[in-house]
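A.B. asks: here is my input, please return the structure:
(one chain, ligands or ions: 2)
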Amino acid sequence: MTKIDMASFVRALPKAELHLHIEGTLEPEMTFELAAKHGIQLPYANVAALRSAYNFSNLQSFLDIYYQGVQVLKDADDFFQLTHAYLKRAHNDGVVHVEIFFDPQSHLERGIPLSVVFEGMNRALVGGERELGISYRVIPCFLRHLSEAAAMQTLEALLPYREYICAVGLDSSENGHPPSKFSRVFARAREEGLLTVAHAGEEGPPSYIWEALDDLKVSRIDHGVGCEADEALCQRLASEHMPLTVCPVSNIKLAVFDRMESHNLKRLLQRGLCVTVSSDDPAYFGGYELDNLLAVQQALGLSREDMVTLARNSIEASFLSTAEKQVWQKMIGKCADTLMSAE
Ligand code: HPA
Ligand code: ZN
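C.D. replies: Numbers count the residues shown, from 1 in each chain. Ligands and ions are numbered 1, 2, ... in the order given. Modelled structure (predicted):
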């Protein structure tokens, strides 16, 4: 048998995407289509002009454009179209399970009710499970640049939709907004039986990762690449096998690392941390799940075994049931055996 190429090998491995902002999958073509539908005037002449504005110097410069893009999402069909398009892309990359973030506050503050967001998103997710076999979870995130009171109010607004969500998260501008600012909100979410995750250590210091663990009692750290500056923290993350949802292309586009060859993903993997790979906001950063996996593979010289580890970690770190995880781990084993024995 001839040796299967790396891209086909990585695509074939069943994998979960665990760090994906659905609003960050809004491609410029769809932005223009929805703007026309709703009679919204965009401050860009055309798709190419909008795409060329995707030139970021840090997290905030990205967030400014990302919150502007969200304005074209108005009715349930828009949220359906957005989610449906993402699921098709994910399916092409061999993604079998997705855990999708959304930002309720960026819709509520524009007068878009949560019922509209959930209706459109869930219609696409239910269809995606039926037609593409992709299972899913939904995780609303609080905007950390807004107040604790605003987050608490948002949590209360989410509770009527409790059955549609499995966890809550924390995103937006990291520096100056430590996780501890939201300790009471997350405690309340946990009382409701919700799991918790938080962005920490993307641009922020290791202390934010400690706070996410100790104050918010998270099940995963989103990004977390900043942990390397703190030896005791790395040891804790490794010993607890605490997952990090690392987004390599995002990290380069937002200048967290200067180039992919300098990314610390391989070192974190070698230290035994539970590293997973996701695309974050693929329409803005120009890379979906497979692009992210192949970018780190090539730049860091990851082996096929490393790629199997990343796929296994993504399933292990997901919020699937133990039985569901066992099914996928077996599938990954079979897939790896078959494809690696073809070498
Ligand atoms: N970090 C913080 N907030 C975000 C991100 C991110 O990568 N994407 C969308 N909101
Ligand atoms: Zn993110």
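A.B. asks: ok, and the closest non-adjacent residue to whatever residue of the stretch 1-150 of the chain ends up closest to ligand 1?
C.D. replies: Nearest to ligand 1 in the stretch 1-150 of the chain, going by C-beta to the nearest ligand atom, is residue 21, at a distance of 4.2 Å. Glycine gets a C-beta too; all of them are placed from N, C-alpha and C. Sequence neighbours aside, residue 101 is the residue nearest to residue 21 in space, at 4.7 Å (criterion: C-beta to C-beta, 6 or more residues apart in numbering).
A.B. asks: beta partners of that neighbour?
C.D. replies: residue 21, residue 139 (DSSP bridges).
A.B. asks: residue contacts, it?
C.D. replies: Listed by C-beta atoms under 8 Å, 6 or more residues apart in numbering, the contact set of residue 101 reads 19-22, 139-141, 169, 171.
A.B. asks: please redo it, this time with the cut-off set to 10 Å
C.D. replies: 18-24, 138-141, 167-171, 197, 199, 222, 278, 280-281 (C-beta atoms under 10 Å, 6 or more residues apart in numbering).
A.B. asks: so which of the residues you listed belong to strands?
C.D. replies: Residues of those located in strands (DSSP state E): 18-21, 138-141, 167-171, 197, 199, 222.
A.B. asks: tell me the one of those residues nearest residue 113?
C.D. replies: The closest of those to residue 113 turns out to be residue 140 (C-beta to C-beta; 13.7 Å).
A.B. asks: what's near enough to touch the closest one?
C.D. replies: Counted by C-beta under 10 Å, 6+ apart, residue 140 has contacts 100-105, 114, 117-118, 154-155, 157-158, 161, 164-165, 167-169, 171, 189, 194.
A.B. asks: look up which residues are beta-bridged to the residue in the stretch 101-250 of the chain that ligand 1 sits nearest to.
C.D. replies: Closest approach between the stretch 101-250 of the chain and ligand 1, counting by C-beta to the nearest ligand atom: residue 171, at 3.5 Å. Residues in a beta bridge with residue 171, per DSSP bridges, are residue 143.
A.B. asks: roughly how far apart are the residue of the stretch 1-150 of the chain closest to ligand 1 and residue 217?
C.D. replies: 22 Å (C-beta to C-beta, to the nearest Å).
A.B. asks: one more: residue 73?
C.D. replies: Applying C-beta to C-beta to residue 73 and residue 217 gives a distance of 31 Å.
A.B. asks: now residue 65
C.D. replies: Distance from residue 65 to residue 217, counting by C-beta to C-beta: 33 Å.
A.B. asks: would you mind naming what in the stretch 1-150 of the chain lies close to ligand 1?
C.D. replies: 21, 24, 59, 66 (C-beta under 6 Å from any ligand atom).
A.B. asks: so who does the third one touch?
C.D. replies: Spelled out, it's residue 59. Listed by C-beta under 10 Å, 6+ apart, the contact partners of residue 59 are 66, 171-175, 199, 202-204, 223, 250, 254-256.
A.B. asks: which of the ones in strands among the contacts of residue 101 are buried?
C.D. replies: Buried subset of the ones in strands among the contacts of residue 101 (neighbour count, 16 or more other C-beta atoms under 10 Å): 18-21, 138-141, 167-171, 197, 199, 222.
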